[in-house]
Structures are given as C-alpha cells and as structure tokens.
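> Need the 3D shape of this:
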Amino acid sequence: MRLTILFFFLAVLFHLSVAQNQEENMIKSFFNEALTDYTSYNNLEYLCKNYPGRITGSEEVSGAIEYVFQIMQEMNLDKVFKQKVQVPRWEMGNGAKAYIKIRDDKIEVSVIPLGLSIGTNKNGLISKVVEVHDFEELEKLGRNKIEGKIVFFNRPMDPTLINTFNAYSGAGNQRTQGAAEAAKYGAAGVVVRSLTTSLDDFPHTGVMRYAENGSQIPAVAISTNGANLLSELLTKEPALDFYFESDCKNFPETTSYNIIGEIKGSEFPEEIITVGGHLDAWEPGEGAHDDGAGCMQSIEVLRIYKKLGVQPKRTVRAVMFMDEEVAQRGGKEYARQAKLNNEKHYFALEADEGAFRPLGFGISAPDERLAKIFALKKYFEPYGITQFTKGGGGVDIDPLGDLGTPISSHVTEMQRYFDMHHSGNDTFEQVNFREFQMGSAAMASFIYLIDKFDL
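Got it, this is the predicted structure:
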C-alpha cells in the first residue's frame with residue numbers, strides 16, 4: 001500500500017515537472033525567436049523614418065495606419081480590421097522660436113509649442129517674465145504682478161524619486177494646466193520647463209488644456225538647459241524680456257482609426273486578450289520609444305505565435321490605439337465598442353513605457369487572480385524579469401479596466417525614458433535591439449501563460 005502511494009506521488013511530481021519543463025521550453029523558444037529575428041525591429045525603423053511626428057489627424061499618422069494595417073494583413077492572421085475613431089486635430093506648424101532679451105543682447109533658447117495650444121500672432125509675443133514653481137505661488141502673486149506678463153513655470157521633475165514616472169506625474173500639472181491657471185490672472189503667455197530628468201537642449205512637448213470658457217493664451221515648453229539659463233538670468237536681471245513665436249493651430253475633429261489584428265482562440269474564441277500600444281506620437285521626434293516600440297512589440301507577439309505554431313485558447317488581439325497623446329479617444333472607443341458588442345475581454349496588456357530592458361509587469365486584478373498571476377514570476381527569473389507588482393494598466397486599456405477586465409502594464413527600466421519622451425530625441429537610433437526584443441518575448445510569454453493556465 002505504501003509503495004502504491006509512493007509511486008502515485010512520484011508520478012504526480014514527474015507529471016508536474018514535465019509540464020513545467022514544457023512551459024519553460026516554450027518560453028525559451030519565444031526568447032530565441034525574438035532575439036534572432038529582426039522583422040519587428042526593421043518594421044519599427046521603417047515606421048520611425050517614414051512616419052515621424054504621427055500626431056492625430058496628420059498625414060504622417062494616416063500613412064502609419066496604412067503601413068501597420070499592411071504589416072498585419074501580410075501575417076496571415078485570422079482577422080485584421082480598422083476601428084473608426086473621431087480624434088482632435090492640432091498642428092504644430094513650424095514649431096516655435098524664442099530668445100531672452102537683456103537690453104540689446106538676444107540669447108536664443110530652444111522651445112516647442114505645447115499640444116492644443118494656440119499660436120502667437122506673426123509678430124510673436126514679448127514681455128516681462130514671472131517665474132513660479134506651483135499654482136499656490138501663482139495665486140499669491142495675484143493679478144497685479146502677473147497681468148500682461150509671461151509666466152515661467154520652472155518646477156523640475158524630482159530627481160530624488162527613483163520611479164521617474166512618479167517624478168513626471170509630480171511635475172506634470174504645470175504643463176497640462178499651467179496656461180489655464182496663468183490666464184486667470186491675465187498672463188499674456190506661458191513658458192513651461194520641459195518634463196525630463198536630463199539637462200539638454202531638447203524641448204519636450206505634451207498636451208495642455210484650457211479651462212472651459214476661460215481665456216486662451218499661447219504656451220510653449222523650454223528645454224531644461226534653457227530653463228536653467230532663464231532662471232539664472234532672472235536673478236540678475238529681473239526686468240529682462242522673453243520673446244517667443246509659434247504658429248500652431250487647432251482644427252475641427254477628424255476621422256482616424258485603431259488598427260486591430262487577431263489570432264482566433266481554439267477553445268474560447270469569444271474571450272479576448274488584448275495587447276497593444278499607441279500609434280500616434282508627437283513632433284518633432286520619431287515616436288520610437290513612445291510608442292512605436294510598444295506597437296511593434298504587440299504585433300511581434302502575434303508573429304512569434306504564428307512562427308512557432310502556438311494556438312492560443314483565447315482570441316489574442318494586437319491593437320494599435322489612436323490618440324493616446326491628446327484625448328485618449330482610441331482606448332475609449334475600443335472599450336465602448338467592446339461593451340456595445342457584448343465582447344468578453346479576459347485580460348489586457350499595454351506596452352507604453354519605452355523599449356528598454358524589461359523588468360516585469362504591473363497587474364490590476366482581483367486579489368485571488370492576482371496571486372495566481374504573481375506565481376508566474378518563476379518562469380521569468382532566468383531572464384532577469386522579476387518585478388511583478390500590484391497595480392498596472394495604461395490610459396488606452398484603463399477603459400477596459402472600468403468594465404471589469406484585469407489590466408496590466410509592461411514595466412521596463414525607466415531611468416532614461418524621459419530623456420526621449422515627447423522630444424526630438426525620441427528616434428529609432430535610441431532603441432537597442434536586444435532590449436526591444438527581450439520586451440517582445442516577455443510580453444509573448446506573459447500572454448501565453450495567462451491564456452495557458454486560465455489566469
């Protein structure tokens with residue numbers, strides 16, 4: 001009897017060991033395939049070099065839509081389609097130029113229009129400058145000291161925060177709301193310190209918003225080197241003038257598209273696992289890390305499955321979301337259509353933290369399901385991917401989370417991300433092949449295990 005029980009347990013352990021080895025071997029094959037195939041990397045290069053500055057409504061983004069649609073059509077997927085989305089349309093124009101004027105001296109500095117800002121007139125804007133670091137300081141100064149002047153928001157991202165995304169969030173409201181707040185006190189315009197941890201001459205743009213029924217004033221971002229110089233000169237010459245000129249414009253909304261490709265599930269085709277990134281990107285960069293890489297990594301998940309003959313139990317979709325940068329219409333419309341069509345979305349993963357070395361995944365799910373997903377970490381440890389944390393998602397899949405879908409974010413090494421973010425420095429040359437494809441393989445492995453183990 002004891003021998004029978006012993007053999008039974010040995011058989012169970014052997015079965016579990018074989019099963020785990022099968023999964024480990026499959027994951028190894030994902031990494032081997034990703035690290036020896038340049039298809040996705042080459043596609044990213046073509047996207048960046050031929051369709052840079054893919055802001056919604058632009059010719060560049062229209063070309064990118066057709067390019068990505070063609071890529072997935074040629075992959076022999078079960079379905080490839082476009083999902084119509086109404087998006088804002090804003091044009092940066094010829095960018096912006098600026099200088100600091102001290103008596104007869106003019107010192108040029110690098111600036112860029114903020115997204116959705118109005119432009120100046122053709123003569124530009126020149127005025128005295130008021131430097132502030134937060135809205136409380138703005139309120140204390142009041143209209144008497146602000147009216148007719150240019151408000152200079154100069155709060156840096158906190159360099160002591162190891163999580164640079166937290167530092168970004170901590171400084172972000174001066175960019176998004178600075179013009180609206182300054183306009184309340186009669187400011188003529190706004191200059192905002194670029195949201196980056198680096199000191200360089202690349203100005204970093206990003207969306208800003210005016211208050212409903214409030215005054216609209218032009219707003220630009222200034223490079224961190226330029227911001228430091230302006231602040232230093234203001235301490236010596238408080239009466240200096242600042243000049244900037246921009247010709248950006250807002251236009252009526254236009255039609256764009258999410259692009260979707262899928263492999264149909266073999267057992268539960270009605271259950272959908274979404275993996276995606278956003279196709280739109282800011283000028284004057286190429287949108288390589290933000291977020292052409294996330295798009296190509298999502299498509300690469302499907303390519304790897306097709307190449308290795310992996311048939312998922314559930315339908316796996318790669319979604320190239322539109323308009324993440326301005327109004328997040330693509331993610332909202334994707335979730336709206338999911339609800340309208342009564343689709344069952346089983347899980348969603350967003351890749352929008354750059355193509356740096358993968359560290360792990362952040363997951364938002366019920367605690368019981370979360371614990372099971374955390375147990376997957378053992379499969380990733382051989383690859384140095386060990387950060388499985390509670391809390392994850394992204395602005396494009398958060399609307400799915402609101403419908404009850406567990407959502408996740410692909411977490412990467414973040415220290416250099418904001419060197420490139422929303423700037424002309426975000427180019428294909430900044431993407432390392434191995435880091436990029438390690439991320440692709442990690443995403444393919446994560447989705448594979450979620451589907452395989454019904455997590």
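> Report the buried residues of the helix or strand containing S40.
Using DSSP states H and E, S40 maps to helix 39-50. Using 16 or more other C-beta atoms under 10 Å as the test for burial, helix 39-50 gives 39-41, 43-45, 47-48. For the C-beta atoms, the positions are set from N, CA and C on the backbone; glycine is no exception.
> Closest to H278 out of those residues?
Distance ranking of the buried residues of helix 39-50 against H278, using C-beta to C-beta, places L47 first at 12.6 Å.
> Next up, the contacts around the closest one.
Neighbouring residues of L47 by C-beta atoms under 8 Å, 6 or more residues apart in numbering: 64, 67-68, 287, 292, 295-296.
> Could you report the separation of it from L240?
Noted for L47: a distance of 43 Å to L240, by C-beta to C-beta, to the nearest Å.
> T315 now?
T315 is 61 Å from L240, where distance means C-beta to C-beta.
> about what we covered before: which of the contacts of L47 sits closest to I272?
C295 (18.3 Å).
> tally of neighbours for the residue nearest to that closest one when sequence neighbours are not counted?
In space, C295 comes closest to G277 once its chain neighbours are excluded; the distance is 4.2 Å by C-beta to C-beta, 6 or more residues apart in numbering. Residues near G277, counting by other C-beta atoms under 10 Å, number 27.
> Distance check, G277 against G148.
Applying C-beta to C-beta to G277 and G148 gives a distance of 43 Å.
> same thing with A227?
For A227, the distance to G148 - C-beta to C-beta - is 22 Å.
> got it, and V87?
Using C-beta to C-beta, one obtains 35 Å as the distance from V87 to G148.
> and these two? which has more neighbours close in?
The residue with more neighbours, out of V87 and G148, is V87; 23 against 11, by other C-beta under 10 Å.
> correct me, but that one touches D323?
Yes - counting by C-beta atoms under 8 Å, V87 does reach D323; the two are 4.4 Å apart.
> shared neighbours, these two?
Joint contacts of V87 and D323 (C-beta under 8 Å, 6+ apart) are 56, 256, 329-330.
> any idea which of the residues you listed is closest to Q174?
Set against Q174, the nearest of the shared contacts of V87 and D323 by C-beta to C-beta is T56 (23.6 Å).
> Find the nearest non-adjacent residue to the closest one, please.
In space, and not counting its chain neighbours, T56 is closest to V87: 4.1 Å by C-beta to C-beta, 6+ apart.
> Y334 now?
Closest to Y334 by C-beta to C-beta, 6+ apart is N258, at 5.8 Å.
> Just confirm the one you found is within a strand.
Yes - counting by DSSP: H, G, I helix; E, B strand; the rest coil, N258 is located in a strand.
> and it, what does it touch?
By C-beta under 8 Å, 6+ apart, the residues touching N258 are 82-83, 85, 319-322, 330, 333-334.
> and what of A167?
157-159, 161, 197, 418.
> Report the spatially nearest residue to E33, omitting neighbours in sequence.
Counting by C-beta to C-beta, 6+ apart, I304 is the residue found nearest to E33 once chain neighbours are left out, at 5.4 Å.
> Counting neighbours, what do you get for the one you found?
By other C-beta under 10 Å, 25 other residues sit near I304.
> Report the angle between the helix or strand hosting it and helix 39-50.
I304 belongs to helix 293-308 when elements are defined using DSSP H and E. Helix 293-308 runs at 150 degrees relative to helix 39-50, counting by axes from the mean of the first three to the mean of the last three C-alpha atoms, to 10 degrees.
> Go through helix 293-308 and flag the buried ones.
Buried residues in helix 293-308 (16+ other C-beta under 10 Å): 293-305, 307.
> how about the CA coordinates for the helix or strand following it, as PDB?
As assigned by DSSP H and E, the chain's next helix or strand after helix 293-308 is strand 314-321. Extracted C-alpha coordinates of strand 314-321, given in PDB (Å, rounded to 0.1, in the frame of the first residue of the first chain):
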ATOM      1  CA  ARG A 314      -8.500  32.600 -26.300                       C
ATOM      2  CA  THR A 315      -8.500  35.200 -29.100                       C
ATOM      3  CA  VAL A 316      -5.400  37.300 -28.900                       C
ATOM      4  CA  ARG A 317      -5.600  40.800 -30.300                       C
ATOM      5  CA  ALA A 318      -2.900  43.300 -31.100                       C
ATOM      6  CA  VAL A 319      -4.300  46.800 -31.000                       C
ATOM      7  CA  MET A 320      -2.600  49.900 -32.300                       C
ATOM      8  CA  PHE A 321      -4.500  52.600 -30.400                       C
END
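> picking that back up, buried sites along the host helix or strand of the residue nearest to C295?
Using DSSP H and E, G277 sits in strand 268-278. For strand 268-278, a neighbour-count test (16+ other C-beta under 10 Å) marks 268, 271-278 as buried.
> now swap in stretch 388-404 and tell me
Across stretch 388-404, burial judged by 16+ other C-beta under 10 Å covers 388, 392-401.
> how far is it from where the chain is centred?
Per C-alpha atoms, centre = their mean, to the nearest Å, the displacement of stretch 388-404 from the mean C-alpha position of its chain is 14 Å.
> Report the mean confidence score over that stretch.
Mean per-residue pLDDT for stretch 388-404: 97.
> related to what we said a few turns ago, tell me the most packed of the shared contacts of V87 and D323, by neighbour count.
Neighbour-wise, those (other C-beta under 10 Å) top out at G330, 29 neighbours.
> In terms of pLDDT, where does it sit?
pLDDT at G330 comes out at 98.
> Now do it against F165, distance only.
On the measure of C-beta to C-beta, G330 and F165 end up 21 Å apart.
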